[in-house]
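> how does the following fold in three dimensions:
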Amino acid sequence: MTTHPKPAPEALIFEIAAKHFFIETLETRSSDSLDFHDVAVWAIRAALEAAYEAGRVAGAKAMLAATTHR
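Here you go, the predicted model:
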């Protein structure tokens with residue numbers, strides 16, 4: 001049986017983006033000044049590390065749940 005991973009919750013994605021990039025929304029606003037941002041490489045790294053950690057924690061929880069429900 002093949003299962004497809006669920007998409008990341010929107011709230012978590014926005015939380016990471018807001019914390020590391022200081023943006024108000026992830027919605028397209030059809031304006032270059034609103035849709036494109038200058039971002040420092042260390043902010044990109046920190047956001048990627050936060051996303052990786054969130055995925056690692058979610059995976060660990062899923063593995064724990066799978067092993068306890070057998």
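> for the chain, give me the ranges with low pLDDT.
The model of the chain has pLDDT under 70 over residues 1-8, 70.
> show me where it has its helices.
All helices of the chain, identified by DSSP state H, fall at 10-21, 32-35, 41-68.
> adding mean neighbour count, write these out as a markdown table.
Backbone N, C-alpha and C define where each C-beta goes, glycine included. Output for the helices of the chain, formatted as a markdown table (neighbours: other Cβ atoms under 10 Å):
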| stretch | mean neighbour count |
| --- | --- |
| helix 10-21 | 14 |
| helix 32-35 | 10 |
| helix 41-68 | 12 |
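> show me the contacts for the residue lying closest to residue 50 once chain neighbours are set aside.
Of all residues beyond its chain neighbours, the one nearest residue 50 is residue 16 (4.9 Å), with distances taken as Cβ to Cβ, 6 or more residues apart in numbering. When contacts are counted by Cβ atoms under 8 Å, 6 or more residues apart in numbering, residue 16 touches 47, 50-51, 54.
> many thanks, we can stop here.
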